[in-house]
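Undergrad: after the sequence you'll find the predicted model.
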Amino acid sequence: MSEHPQPPVVLDDERRAQILSQAIGSEAAAGGRVESHTPHAAVVVYGQKVNHTLHAILTLFTCFAWGLVWIIVSLTGGEKRYAVTIDPYGHLRRRKV
């Protein structure tokens, strides 16, 4: 006798929104901020924009020695965006945008 797996249960919109809200709360606790939010998706941003004006001034005052730091910060720093979505079955997905 073989057992058949149960088909996945489709969640209602209210339950999906509740699960997504909990996930967004966890993202916020980890330092993220919500940029946009719909009932089934959200964009969460980590980090801050690079202050290019400050780095330009520092580069000039240090006779361009700070320029290397500026390049490294520009390439590795800044904001990182992630899309958090929930499918009809309640599975969360987080991907870089």
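TA: Cool, got the structure. As the structure is a computational prediction, the values presented were derived from the model and not from experiment.
Undergrad: what score does residue 8 have for pLDDT?
TA: Looking at residue 8, its pLDDT reads 86.
Undergrad: how about the nearest residue to it, chain neighbours excluded?
TA: Once flanking residues are discounted, residue 8 sits nearest to residue 89: 4.5 Å by CB to CB, 6 or more residues apart in numbering. In this view, the C-beta of every residue, glycine as well, is placed from N, C-alpha and C.
Undergrad: part of a helix, is the one you found?
TA: No: using DSSP: H, G, I helix; E, B strand; the rest coil, the assignment for residue 89 is coil, not a helix.
Undergrad: any low-confidence regions in this protein?
TA: Counting by pLDDT under 70, the low-confidence segments of the chain come to 1-2.
Undergrad: the residue nearest to residue 8 against residue 15, yeah?
TA: No: the pair residue 89 / residue 15 is not scored as a contact, 10.7 Å apart, by CB atoms under 8 Å.
Undergrad: show me where this protein has helices.
TA: Counting by DSSP state H, the chain has helices at residues 13-29, 52-61, 67-76.
Undergrad: for residue 42, which of those helices is the nearest?
TA: Nearest of these to residue 42, taken as CB to CB: helix 13-29 at 5.3 Å.
Undergrad: all good on my end, thank you.
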